[in-house]
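**Q** What follows is a predicted structure for the sequence shown.
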Amino acid sequence: MSTANRSFSQTIWDFFCSLKLTIALLISLALTSIIGTVLPQGQIPPEYVAQISQAKLQIYSKLGFFDMYHSWWFIALLYIFSINLTCCSIKRLPHVFKFISEPMLVLADSMRNSFALKQEITFATSSDAAREKLSQFLQESFSAPVVTEQDGEFHLFAQKSAWSRLGVYVVHLSILVIFIGAIIGSLFGYKAYVNIVEGTGITSVQERSGKEVPLGFEVFCSKFDVDFYTNGAPKEFRSILTVKENGQPVSGYQDIKIIVNKPLTYKGITFYQSSYGKAEEGGEHFFSVSYRSGGAPERFPLIAGAEKTFKNGTTLKLIETTEEISRFMPDYSGPAARIEVTRKGQAPATFIIFQKFPEISAQRGDEMTFSYEGSNAKMFTGLQVAKDPGVWTVWLGCTLMVVGIFIAFFMSHKRVWIVVSKGRARMYGNASKNQAAFSMQFETLSDKLKELKF
Amino acid sequence: MTSSMLFNVTTFAYLVSMLAFFAFLAGKNKNLGLAGSWIAFAGLAIQTAAIGLRWKESYDIGFGHAPLSNLYESVVFFSWTIILIYLLIDLKYKYRVIGAFVVPFALLGMAWAQLGLNTGIEPLVPALQSNWLLYHVITCFLGYAAFAVACGISIMYLIKAAHDESSSSSSGGVIAMFPSTRVLDDLNYRAIMIGFPLLTLGIITGAAWANYAWGTYWSWDPKETWSLIVWFVYAAFLHARITKGWVGKRAAWLSIIGFAATIFCYLGVNLFLSGLHSYGGGK
């Protein structure tokens, strides 16, 4: 019974220690990750729903394909991956520690033939004198040796960068640290956004799920500006923000300029410049009217929903406006207004006038040509808001990973033995990686050895 | 003299270099192989000057940014890094024939950039106005280039391995000039040993930048996800090498698949998927 139990737990343990599992997991993670780059994630756009069959939609949602990186099976893969690399490390680390802490000080006869790198010299002095000389040689040219006497022979053992064998385990650890950082972030942090209209402040932000999160302080936007390149692309947009506590500006957080790539952090919450626009509500809209019969154009303001009656009895009503028409009419761009014009004694006619395309109104050929000149509505700044207490843990993990990879790839554990017996000394060398580079180093060492005078 | 002219000269140099390598393979004349390498390195020098000049030109017209901001500039930089990594491997290991399998990647990039892409210098959108751009792009592309070299070596490995299996006597032929499968396997590993740390740094600098600019170091954006996929594939490659039954051919295939994923990460994501990396899209 107990042997059966042991063999079962042994099987489980072996399964999680297996490198084949590692490869299978890495390939599975790579393959499954593709799904989320092809299918829409999070909010599914209605166009997508319209183009796939109901059955597919159901299956995909059941399998969590529309939020696959948070689906139970993807998270499970990551957990198995973590267990796998933990088990692999636990299984191998004791050997590695033993290797480092209890180096092979004595090179047994049977071992000596297996070395590719070796060099032999002869000398005429006593073994003791040669041992002294060779110890000094190793100390000067390689690293300080440990001397052991056995069966009438002296074994000089010297090593370099033994700890470099730990590099790969540092990388394994770093992955776990990054995961821990990510978990901290998801438990205690949030991602949100907020729009602040110029001259106003906010005290809460909205998560992507729609949940309102109170900040515990106020963020006030005194000004927002955009610069453009000559080709019309935005060059820089910036908000001037002030943090207020109990209505009072916090010193050091007054009139801070934030731009894309230059955020503002207060009490662990960071505000990132992300978008901007004109506040749709409030403000006056400016129009002008010109008459085909001639005369100076007349400019007048209107607020949404208001009407204006002209001398000839025609009425104009402003129905709605938008700062960006291309969302509704992809062929056009810029601000536009929908107006209703009622000529005396006629039925009302509705049309859209564009700030950037005044010629369209003129082409209509009516007696009165209306044009839209935009509004004095205030700008709003769109900010991403993030609180992530796990981020420093993630950076710690990343640093460990870089250091670990560097050690694992570019440093090797180099060992040199010199076996001193009567009248001759034999030197052996071995490196944990990059034998080619070490063999050159060994050759130099051999040349120096041959030149030693006894 | 403009950078555009120099880029044309570069493209031509890589073409001549590739032809010299092919002639070297066909005729086994050592001088041709030497010429192939040296022409490629001359091309690299000219391309370096051209990239520098383009950088200066961007300041002259008032935009002032490193030439790493759009698809054209990134493809040119990719070609540059491929030849640079090839130069390093050639200097260190001196297997000239590898050039025949690596220079074509660089030529393909340059030819596509010069003939098929918009070469104009564009202003930098606000999201890219950061020093992180330089660190992120340079580390990523050096990594990609090392993977390109590894892919070329893996193709050689598969050709050589197939040849060794079919004919017992290794008598002559182009393939006889290839290094042995053992050497190719080792070089493949070495190229990936250069690429993997650089890709890791590229992903980390990207995450750091994203966190700095948007407040989230990882958002499963298609580009991020594909870079992670590439990372997984090469991590699998590195573990495969110490696993029985996965060495040799399977490792070579993993390296080729890894590079295919790299190319998709670099180009496919921009052409077929949507996301945060705005360059490309065939514009």
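**A** Received, thanks.

**Q** going forward, measure contacts between C-alpha atoms and count neighbours the same way
**A** Noted.

**Q** Using PDB, write out the CA atom coordinates for the helix or strand A:L138 falls within.
**A** A:L138 is located in helix A:127-141, with elements delineated by DSSP states H and E. Once side chains and other backbone atoms are set aside, the C-alpha atoms of helix A:127-141 remain, and they are given as PDB (Å, rounded to 0.1, in the frame of the first residue of the first chain):
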ATOM      1  CA  SER A 127      57.000  17.000  -4.900                       C
ATOM      2  CA  ASP A 128      56.600  19.400  -2.000                       C
ATOM      3  CA  ALA A 129      58.600  22.100  -3.700                       C
ATOM      4  CA  ALA A 130      56.600  21.500  -6.900                       C
ATOM      5  CA  ARG A 131      53.400  21.700  -5.100                       C
ATOM      6  CA  GLU A 132      54.300  25.100  -3.600                       C
ATOM      7  CA  LYS A 133      55.400  26.400  -7.000                       C
ATOM      8  CA  LEU A 134      52.200  25.100  -8.700                       C
ATOM      9  CA  SER A 135      49.900  26.500  -6.000                       C
ATOM     10  CA  GLN A 136      51.400  29.800  -6.500                       C
ATOM     11  CA  PHE A 137      51.200  29.500 -10.300                       C
ATOM     12  CA  LEU A 138      47.400  28.700 -10.100                       C
ATOM     13  CA  GLN A 139      46.800  31.500  -7.700                       C
ATOM     14  CA  GLU A 140      48.500  34.000 -10.000                       C
ATOM     15  CA  SER A 141      47.200  32.700 -13.300                       C
END
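
**Q** what sits up against that helix?
**A** A:123, A:144-145, A:147, A:154, A:156, A:158, A:418, A:420-423, A:445, A:449, A:454 (C-alpha atoms under 8 Å, 6 or more residues apart in numbering or on different chains).

**Q** near chain B, which residues of the stretch 101-250 of chain A?
**A** Within reach of chain B by C-alpha under 8 Å from any C-alpha of the partner chain, the stretch 101-250 of chain A has these residues: A:191, A:229, A:233-237.

**Q** where's the dip in pLDDT among the residues you listed?
**A** Among those, A:A233 carries the lowest pLDDT, at 72.

**Q** mind listing what that one touches?
**A** In this structure, A:A233 makes contact with B:V125, judged by C-alpha under 8 Å, 6+ apart.

**Q** re earlier: for the residues of the stretch 101-250 of chain A next to chain B, which one is nearest A:F410?
**A** Proximity of these to A:F410 (C-alpha to C-alpha) peaks at A:K191, which lies at 38.8 Å.

**Q** and that closest one, that's in a helix?
**A** No - when the secondary structure is assigned by DSSP: H, G, I helix; E, B strand; the rest coil, A:K191 falls in strand instead of a helix.

**Q** Contact partners for residue 228?
**A** Picking chain A for this. Neighbour list for A:F228: A:234-236 [criterion: C-alpha under 8 Å, 6+ apart].

**Q** You answered for a different chain; I wanted chain B.
**A** Under the criterion of C-alpha under 8 Å, 6+ apart, the contact list for B:L228 reads A:30, B:203.

**Q** residues in the stretch 151-283 of chain B within reach of chain A, list them.
**A** Contact residues (C-alpha under 8 Å from any C-alpha) of the stretch 151-283 of chain B with chain A: B:193, B:197, B:200-201, B:204, B:212-216, B:220-222, B:225-226, B:228-230, B:232-233, B:235-236, B:239-240, B:243, B:273.

**Q** from these, which ones fall inside helices?
**A** In helices, judged by DSSP state H, the following of these are found: B:193, B:197, B:200-201, B:204, B:212-214, B:222, B:225-226, B:228-230, B:232-233, B:235-236, B:239-240.

**Q** Show the end-to-end separation of stretch A:383-399, please.
**A** 29 Å (C-alpha to C-alpha, to the nearest Å).

**Q** do that stretch and chain B meet?
**A** Yes - legend: contact between stretch A:383-399 and chain B by C-alpha under 8 Å from any C-alpha is shown at A:384-386, A:398.

**Q** Check the average confidence over that stretch, would you?
**A** If you average the per-residue pLDDT over stretch A:383-399, you get 94.

**Q** what's the answer for stretch B:21-36, then?
**A** Here stretch B:21-36 scores 87 as its mean pLDDT.

**Q** Please apply the same query to stretch A:34-53.
**A** 83.

**Q** what's that stretch in contact with?
**A** Judged by C-alpha under 8 Å, 6+ apart, the contacts made with stretch A:34-53 from elsewhere in the structure are A:57, A:65-69, B:221-222, B:225-226, B:229, B:273.

**Q** Tell me the buried residues in the strand or helix carrying A:D227?
**A** With the criterion set as DSSP H and E, the secondary-structure element containing A:D227 is strand A:212-228. For strand A:212-228, a neighbour-count test (16 or more other C-alpha atoms under 10 Å in any protein chain shown) marks A:217-224 as buried.

**Q** re earlier: could you flag which of the contacts of stretch A:34-53 are buried?
**A** Taking 16+ other C-alpha under 10 Å as the criterion, what is buried in the contacts of stretch A:34-53 is A:57, A:65-69, B:221-222, B:225-226, B:229.

**Q** Report the contact partners of the residue lying farthest from the centre of chain A.
**A** When distances to the mean C-alpha position of chain A are computed (C-alpha atoms, centre = their mean), the maximum falls on A:A124, with 65.6 Å. The neighbours of A:A124, taking C-alpha under 8 Å, 6+ apart as the test, are A:423, A:454.

**Q** for it, helix, strand, or coil?
**A** Here A:A124 takes the coil state, with states given by three-state DSSP.

**Q** if we can go back for a sec, residues of the helix holding A:L138 that come out buried?
**A** For helix A:127-141, by 16+ other C-alpha under 10 Å, it's A:127, A:130-131, A:134-135, A:137-138.

**Q** Please identify which of those residues is nearest to chain B.
**A** Comparing the buried residues of helix A:127-141 against chain B with C-alpha to the nearest C-alpha places A:L138 closest, at 28.3 Å.

**Q** What parts of the stretch 1-150 of chain B come near chain A?
**A** Within the stretch 1-150 of chain B, the positions near chain A by C-alpha under 8 Å from any C-alpha are B:123-127, B:129-130.

**Q** Need those in CSV (columns: pLDDT).
**A** Written out in CSV, the entries for those read as follows (pLDDT from 0 to 100):
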residue, pLDDT
B:P123, 81
B:L124, 80
B:V125, 77
B:P126, 77
B:A127, 77
B:Q129, 80
B:S130, 84
